[in-house]
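Q: Build me a structure from this.
(one chain, ligands or ions: 1)
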Amino acid sequence: MEHNALMELYVDELKDLYDAENRLVKALPKVAKAATSEKLRSAVEEHLEQTRGHVDRLKEIFENLGEKASGKKCAGMTGILKEGEELMDEDYEGEVMDAALISAAQRVEHYEIAAYGTVRTWAELLGENEEKETDEKLTQLAEEINVQAKEEGGEEGEEGEEEAPRGKARGARA
Ligand SMILES: [Fe+2]
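A: Just a heads-up that it's a prediction; the model follows:
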């Protein structure tokens, strides 16, 4: 594969992710509001904080690459968030709505896991031109998102437990 062409693809996908993360920052407060379980709400709020951190880290990655931090409309995240909104418009209540919110959150996380996994691999392939730091940042992002997916999947049905231990989280096969 030609190095420059792969570089272009890599930057393009980073822009897609940057757009995806920014859309998520906008959407998550609505999700937190729709949650019934206190634990789910605080998990979503924590996820919002982490997502803001991901936006900042992507900005640093663009900076290291000498690229302007800009987004390119992520059709995938747009669609997943639209589905989530449709779910929130249904009249599910209480725990059932929470289950619906978790299912939407899982779709978001898995989309991001796939995307970060791929760009991380490309960053490695492009290795000689990259700052090693970038690969580390992407690896960290990918890992953090895996943990988020686990934690959100683990909320449902664990009401009443103090701090669900990570190891017990459901949907933990990400
Ligand atoms: Fe996308």
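Q: Going by C-alpha atoms from here, please, whenever you check contacts or count neighbours.
A: Will do.
Q: Which elements pack onto the host helix or strand of residue 98?
A: Assigning secondary structure by DSSP states H and E places residue 98 in helix 94-125. Contact partners of helix 94-125 among helices and strands, from 3 or more CA pairs under 8 Å, 6 or more residues apart in numbering; DSSP states H and E: helix 3-34, helix 75-89, helix 132-155.
Q: Report the inter-axis angle for the first one versus helix 94-125.
A: Counting by axes from the mean of the first three to the mean of the last three CA atoms, to 10 degrees, helix 3-34 points 160 degrees away from the direction of helix 94-125.
Q: Buried residues, helix 3-34. List them.
A: 7, 10-25, 27-28, 31-32, 34 (16 or more other CA atoms under 10 Å).
Q: next one: stretch 95-114
A: Neighbour counts using 16+ other CA under 10 Å place 97-113 of stretch 95-114 among the buried residues.
Q: if we can go back for a sec, could you redo the helices and strands packed on helix 94-125 as a markdown table and give each row distance to the ion?
A: Compiled in a markdown table, the helices and strands packed on helix 94-125 are given as follows (distance: least, CA to the ion, whole Å):
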| stretch | distance to the ion |
| --- | --- |
| helix 3-34 | 5 |
| helix 75-89 | 5 |
| helix 132-155 | 15 |
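Q: Reformat those helices as TSV; add mean pLDDT.
A: Putting the helices and strands packed on helix 94-125 into TSV (pLDDT from 0 to 100) gives the following:
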stretch	mean pLDDT
helix 3-34	95
helix 75-89	97
helix 132-155	68
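Q: Now do the residue in the chain that the ion sits nearest to against residue 92, distance only.
A: Nearest residue of the chain to the ion: residue 74, at 3.9 Å (CA to the ion). From residue 74 over to residue 92 the distance is 28 Å, taken as CA to CA, to the nearest Å.
Q: Ok, residue 111 next?
A: From residue 111 to residue 92 the distance is 25 Å (CA to CA).
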